[in-house]
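Colleague: return atomic coordinates for the entry below.
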Amino acid sequence: MDQMRQLVLVGFMGAGKTTVGAQLATKMNTYQRDLDQLIEQRLGETIASYFDRVGEHQFRQFETQILQEYADQSAILSTGGGIVMQTINRQILKQSSAPVVYLRTQPEELLHRLKDDLDRPLLKQMDHAAFIKLWQYREPLYQEVADVTIETDQLTPTQIVSEIINQLEMR
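Modeller: Predicted coordinates for the structure are as follows:
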């Protein structure tokens, strides 16, 4: 595992990509880049305000641009939940030299984790049924780009990190 210093985490909002990415970076002696944070730094505003101002389409184009810049860098890259929505993003992820790890979390668990989170633009626009429908739509897209899938529902972030390392060492 020492030689592996890059990895991309994908999964639905609330799957733990940022939390797990930070722990994984420490364990792998590298650093984490959070795509949403990189986008906000570049924009000089929150994703939520940019999203409200210009809409999802423009946001997704900007997201692709930042993904292209960081997909092959030596780091743990935690992506936003919607990264797989664009065909070009899925192509970038599949062509990246970094293994892509899908943190797969069931919708009910995600809703439980996100119940108090008011900073997610899409979450504010959805009821329970719409949330489930979006999860069902994205699920095969995450599977399409994933080199490794980790079922996270019953695991702590530390357990997820161990599972990722174990899975990658077996590849």
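Colleague: going forward, measure contacts between C-alpha atoms and count neighbours the same way
Modeller: Will do.
Colleague: doesn't R60 lie inside a helix?
Modeller: Yes: read with DSSP: H, G, I helix; E, B strand; the rest coil, R60 is one of the residues of a helix.
Colleague: contacting residues for it?
Modeller: I83, Q86 (Cα atoms under 8 Å, 6 or more residues apart in numbering).
Colleague: do L9 as well
Modeller: L9 touches K17, G21, I76, L77, S78, T79, V100, V101, Y102, L103, counting by Cα under 8 Å, 6+ apart.
Colleague: next: G80.
Modeller: So G80 contacts V10, G11, F12, M13, L35, D36 (Cα under 8 Å, 6+ apart).
Colleague: assumed the fourth one was part of a helix.
Modeller: No: membership of M13 in a helix is not supported by three-state DSSP, which gives coil.
Colleague: how many neighbours does V54 have?
Modeller: 10 (other Cα atoms under 10 Å).
Colleague: and the pLDDT at it?
Modeller: Confidence at V54, expressed as pLDDT, is 94.
Colleague: now swap in L118 and tell me
Modeller: Value listed for L118 in the pLDDT field: 54.
Colleague: sorry, back to before: which of the contacts of L9 tops the neighbour count?
Modeller: I76 (31 neighbours).
Colleague: for it, give its distance to E45.
Modeller: According to Cα to Cα, to the nearest Å, I76 stands 23 Å off from E45.
Colleague: leaving out chain neighbours, which residue sits closest to E63?
Modeller: Spatially, and ignoring its direct neighbours in sequence, E63 is nearest to I39 (6.9 Å; Cα to Cα, 6 or more residues apart in numbering).
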